[in-house]
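Visitor: Coordinates for the following, if possible.
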Amino acid sequence: QVQLVESGGGLVQPGGSLRLSCAVSGSVYMIYTMAWYRQAPGKQRELVAQITSGGSTNYADSVLGRFTISRDKSENTMYLQMNSLKPEDTAVYSCYSDMRATGQWRNTYWGQGTQVTVSA
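Guide: You can find the predicted model right below:
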């Protein structure tokens with residue numbers, strides 16, 4: 001069974017950095033798109049950044065220039081390098097993937113989420 005496993009969240013001071021990881025476990029035939037979403041308390045979930053199988057990326061305006069999404073295809077792992085963090089970046093960050101597991105139809109998958117808290 002394919003799963004997305006996130007790691008790397010935590011507490012950081014404003015201006016600090018964190019690196020989130022999302023590893024795809026299980027047998028995968030094809031990954032089309034991977035992305036990071038976040039949801040702050042009382043707010044709707046929003047797209048933070050996404051990366052396609054061809055390596056194209058796009059970012060939310062609020063994180064452009066501070067966050068970098070990347071992907072290691074050989075290990076089916078996605079990263080989000082977050083620099084110059086602000087208190088408004090505080091949220092639960094979730095990994096998303098549009099992919100086809102081996103022997104399965106194409107589907108979307110979500111990780112369990114990891115808390116990022118930016119506070120002095």
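Visitor: sec struct for the residue of the chain most remote from its centre, please.
Guide: Relative to the centre of the chain, and counting by C-alpha atoms, centre = their mean, the farthest-placed residue is Gly103 at 25.0 Å. Following DSSP: H, G, I helix; E, B strand; the rest coil, Gly103 is assigned to coil.
Visitor: Kindly report the same for Glu88.
Guide: Glu88 ends up helix, using three-state DSSP.
Visitor: so who does it touch?
Guide: Going by C-beta atoms under 8 Å, 6 or more residues apart in numbering, Glu88 touches Ala40, Ser62, Val118. Any C-beta I mention is one placed from the backbone N, CA and C, and that applies to glycine too.
Visitor: Quick check: nearest residue in space to the second one, chain neighbours excluded?
Guide: Which is Ser62. Glu88 (7.6 Å; C-beta to C-beta, 6 or more residues apart in numbering).
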